[in-house]
Structures are given as C-alpha cells and as structure tokens.
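Trainee: Predicted structure and sequence below. I'll ask about it afterward.
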Amino acid sequence: MISATGCGLFEDDPDPAQPAITPALQLESELNLLATSVNTGLTIEYGYEFEPLVEGTIKSFIVNMPAGDTYRVTLWDSEKQEMLISLNIDASRDVTTNSQEINYRVYPNRNYTVSVYTEHWKRYNYQNNETFFPRIIGDIRMVRYAENTNAASSSIDLMLFPNEYSNSIMQGIVDIEFIPQN
C-alpha cells in the first residue's frame, strides 16, 4: 500500500553517483541501547523530524525493529502536520529493511518528519543522558525525536502526526535513504 499527497514530488531517477545518507542508522552507532520492547500493547507513532540542507530525493524508507512485522512508515510535512507519503514495509527481526523505491523529492528550508507506527521499539540515549539533537549528518539536519503516544490503537489505518518531542532519546530505527541532488 502506498498513499501519497502532493503534486510533482516524485522523481524518476535520483543520481546513482551520489552516496546515500541514512541519518538514523549512522547516529545509532553513537547511542546507548537502554531497552528493547516487543508486543507492548502500546502502539505509537514515532520517528524524527529533519531538514534537508540541500534539495534531494528520499529513495526509500528504512526500518530496523526488534520484531518481525508489517510496519507502516510515513513521511509528514512537519509544519502542516500533513501526511505526504505512507507505505508498509514487511521486515524481519533486527534486520535493516528498505521499502520499495519511492523517489520522493524533498527541499531545503522545510522540515519533514519520518515515522513508524508500531508496538515494538528499542530505546536509545546518549552518554550521560546528554542531548544529541539537533545533529547534522551529511546533508540532513536531524532536528529532534518525535512521537505520538495518543496513537495507541490496534488500527494500522490510524494516522496521527508525532507531535511530542525529545532531544535526548530515540526509540527504534525508522529512517530515510536520502540522495542529495548534484
């Protein structure tokens, strides 16, 4: 399932010569894993807000979760709190899994949020609970962790923008594969 809004935001071919940036996966190596939770009974929408520093393309979404499942991943316009594109990813336990190619164009000076709807997560923090957002990784400025705990429901059709924020934790790995434009 792919749902999308907007006009003219998909690109045919991102530049294959440009290396992909995966901010959350790159950040994960600097973080401490505090806990892993599966089948919690509390289904929430969580991810992170980001700003591209250059125009580019989100080639795909990425998840790495502690349980095999179907995960709904959504890209939001952070200012309008509107869903831009959403799709399901079938992923195995603790395996980094990319979605199908989406080639969705994003622009600098705009904030976006990528999130996943799930009851499974890994909770991370930084050394001594220090803040680690905002952070620049490649051409992406990760602004802050975002979640919506009011999304608690068993309905995968529920779409609630993640509007609760933190600069010192992150739950799970939901990410983008970003290709900067030349």
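Mentor: Everything's here; your move.

Trainee: which one in this protein is furthest away from the centre?
Mentor: Most distant from the centre of the chain: residue 128, at 24.5 Å, with distances by CA atoms, centre = their mean.

Trainee: What pLDDT does the model give the nearest residue to residue 64 once chain neighbours are set aside?
Mentor: Leaving out its chain neighbours, the residue that sits closest to residue 64 by CB to CB, 6 or more residues apart in numbering is residue 173, at 4.0 Å. (Glycine included, C-beta is placed from N, CA and C.) You'll see residue 173 listed with a pLDDT of 89.

Trainee: give the contact list for residue 173.
Mentor: The contact partners of residue 173, by CB atoms under 8 Å, 6 or more residues apart in numbering, come to 24-25, 28, 62-65, 96, 122.

Trainee: for this structure, which spans come out with low pLDDT?
Mentor: Applying pLDDT under 70 to the chain picks out residues 1-16, 151-157, 182.

Trainee: starting at the chain centroid, how far to the one helix or strand residue 72 maps to?
Mentor: For residue 72, the host element (DSSP states H and E) is strand 69-77. Centroid separation for strand 69-77 versus its chain: 8 Å, with CA atoms, centre = their mean, to the nearest Å.

Trainee: which of the residues in it are buried?
Mentor: 69, 71-77 (16 or more other CB atoms under 10 Å).

Trainee: Can you pull the phi and psi angles for the residue nearest to residue 64?
Mentor: phi -120, psi 110 (degrees, to the nearest 10).
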